[in-house]
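Engineer: Pasting the sequence and the predicted model now:
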Amino acid sequence: MASGAALGASFVDFRLFVVPWVALAPLLAIIEHAPPRRALRLGWLAGTTGIAIAFSWLIYAMRVFGGFPLPIALLLYAPLVAWMGLELGIFGALLAWIGPLPLGLAAPLAFGAVEFLFPSFFPWRLAHSQYRVPVLLQTGELAGPALLGFAIVWVNAAIATTGRAIVARRAARRRDTTPPPTVTSARARVDAAEPQARARDVVAAARARDAVAGVVLPIVTVVALVGFGAWRLTAVRAVRAAAPVLRVGVVQGNISIERKGDRAFFGRNMDAYHDASRAIADDVDLLIWPETVFQHRIATERTRLDGEDDPFPGAPRPLLFGGLAMARSADGTARLYNSAFLRGADGRVLGRYDKRVLVPFGEYMPLGDRIPRLRELSPATSNFAVGGEPALLGVGAVARLGALICYEDVIPGPARAAVAKGATLLVNLTNDAWYGDSAQPVQHQALAVWRAVETRRDLVRATNTGLTSVLAATGEEVSELPTFTTATLTADTHLLRGTTVYAAVGDVAAWTIVALAGGALLRRRLRAARPRPPRPRRSRRRVRARR
């Protein structure tokens, strides 16, 4: 539980970024040599404890976002936390099945494989805990969070190995109380046992060398990560400084969920955004509003916004805003999209992007089409349709915006797709008011920052209540607004081109870890399946002679 609680705390307060480097060590010391079932239980307990601490805001979100009453929210929360905690339990069982590997590699391989493959609602990675340490994020351009997570667990394994060695040495010293032999028969027995003792010494020396390497190599790896990070920080900063600039102005309206959804406040909400936008319009090239700020449904065939379809009549600058797009088929069936619209200063629709990755229980009800009763249990759950292909939104001659709506900046796929299509800047429109005054807005940004590093694109995050920010392609924060404040942010973004290893090949490093872990498990299973040679039986005559 201590390991789980420490990990959970490090995802609530990201100033505790050192904690994950040691938090898993107590758990590893216990489960690495435990039976698989016990390792599963201990890991599951630790994982559930950590998830319950880190994701306590889920109860509030289910009540506000999903519209569930408190008892049902708790009933949904408990199994969800237990399921997410199972990830650490499966890791424990896999580690026990694999058993010790040279250089202490069993733990990082098992953890990396389970972390990547486990189907979790929130794609959390251990490496996300380091988002306040930009020098450690730079391997994201090569492998996403996989390499950093591997290094963190490897260091924990080294600490666990060192701790076990210290405990074993102290125990051996306490047991070693036998007086030296003084009789000839004792000396003869010692002489006869010398070959076996020498063999044991050779094995022990080899194990000691492996243990030392298992401690030294993780340290060398961390030093290499820091060195690579420092080099890439300097290089990317230089490239970014020479790139074209698009100055953006982001409005954080801080509109409560109740007021945002109440039609009586629509006009006043828009007036607040108009006033804030006019105050910064002369200083920017592009105005940005958060997700679904404009609640009027805009027909998808509209090419110009006017009348009640126009969120900002007379807008002095191009405006990127979140809204609702309505598409009607020939039979009159309507589909509603959570969309990002780019409005030109002349009112023309310069582009639209429809969200492609929807949030279950918030933007759609899983199995809701087949079981209508589920919609009745959660009337606040929306019924959005899934968008089509990625769409670039062009501003001027150089800026090509890749829009990411809400959840789409916590997973790598949408950002990679946008960059592959030619995006020079990533923009996330979101509304985290659903989660209350909790750790969630910062947790959201801890995941989103990896999209900037993985693709080497600046990332603008426009949110209703925070965390509104501009992140550089290095993962560093350029500017940021406090949560739950009404404010505006202006900043220069740099329009970068080119690609990265990760943007091109994706999770090859993670799949490599999975393959190595699978190979280690198969090797252990094959060894266990081999028939063991019978142990030689000692002669009764020899036993009697010795007597």
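Structural biologist: Thanks, I have the structure now.

Engineer: Please work out which residues outside the host helix or strand of R400 touch it.
Structural biologist: With the criterion set as DSSP states H and E, the secondary-structure element containing R400 is strand 399-405. Strand 399-405 has contacts (CB atoms under 8 Å, 6 or more residues apart in numbering) with 244, 246, 285-286, 291, 320, 322, 338-340, 342, 351, 353, 355, 390-395, 414-415, 418-419, 421-430, 451, 457, 495. Every residue, glycine included, has its C-beta placed from N, CA and C.

Engineer: Now find how far off-centre the following helix or strand past that strand is within its chain.
Structural biologist: In the C-terminal direction, the helix or strand that comes right after strand 399-405 (DSSP H and E) is helix 412-420. Its chain's average C-alpha position is 16 Å from that of helix 412-420, according to CA atoms, centre = their mean, to the nearest Å.

Engineer: what helices or strands is whichever helix or strand comes after helix 412-420 leaning on?
Structural biologist: With elements assigned by DSSP H and E, the helix or strand that comes after helix 412-420 is strand 425-430. If you count contacts as 3 or more CB pairs under 8 Å, 6 or more residues apart in numbering; DSSP states H and E, strand 425-430 packs onto strand 319-328, strand 399-405, helix 412-420, helix 440-455, strand 459-463.

Engineer: mind listing what strand 425-430 pairs with, with the direction of each?
Structural biologist: Strand partners for strand 425-430, identified by DSSP bridges, are recorded as strand 399-405 (parallel), strand 459-463 (parallel).

Engineer: Narrow the contacts of strand 399-405 to those that are buried.
Structural biologist: 246, 285-286, 291, 320, 322, 338-340, 342, 351, 353, 355, 390-393, 395, 414-415, 418-419, 423-430, 451, 457, 495 (16 or more other CB atoms under 10 Å).

Engineer: Would you map the strands across the stretch 101-250 of the chain?
Structural biologist: Here the stretch 101-250 of the chain has its strands, by DSSP state E, counting those that start in this stretch, at 245-252.

Engineer: Where does the prediction get shaky in it?
Structural biologist: 172, 175-211 (pLDDT under 70).

Engineer: Quick one: mean pLDDT for stretch 306-316?
Structural biologist: Across stretch 306-316, the average pLDDT comes to 91.

Engineer: Please name the nearest non-neighbouring residue to P69.
Structural biologist: Excluding the flanking residues, the one nearest P69 by CB to CB, 6 or more residues apart in numbering is R63, at 7.4 Å.

Engineer: next SSE after the host helix or strand of the one you found?
Structural biologist: Assessed by DSSP H and E, R63 sits inside helix 58-64. Toward the C-terminal end, the helix or strand that comes next after helix 58-64 (DSSP H and E) is helix 70-98.

Engineer: I'd like the distance between the residue nearest to the spatial centre of the chain and D271.
Structural biologist: For the chain, the residue nearest the mean C-alpha position is W124 (3.3 Å; CA atoms, centre = their mean). W124 is 39 Å from D271, where distance means CB to CB, to the nearest Å.

Engineer: Just say which of the strands paired with strand 425-430 is most tucked in.
Structural biologist: Comparing the strands paired with strand 425-430 by mean neighbour count (mean count of other CB atoms under 10 Å), strand 459-463 comes out on top with a mean of 28.

Engineer: how many neighbours does T465 have?
Structural biologist: Here the neighbour count serves as a burial measure; for T465 (other CB atoms under 10 Å) it reads 27.

Engineer: Any figure for the gap between it and I152?
Structural biologist: Computed as CB to CB, the T465 to I152 distance reads 31 Å.

Engineer: likewise G422?
Structural biologist: In terms of CB to CB, G422 sits 34 Å off from I152.

Engineer: swap in S277?
Structural biologist: Note on S277: its distance to I152, by CB to CB, is 43 Å.

Engineer: Compare those two and say which is more crowded by neighbours.
Structural biologist: Per other CB under 10 Å, whichever of S277 and I152 has more neighbours is I152, with 26 against 23.

Engineer: Buried residues of the helix holding R63, list them for me.
Structural biologist: 58-64.

Engineer: Please consider this matter closed, and thank you.
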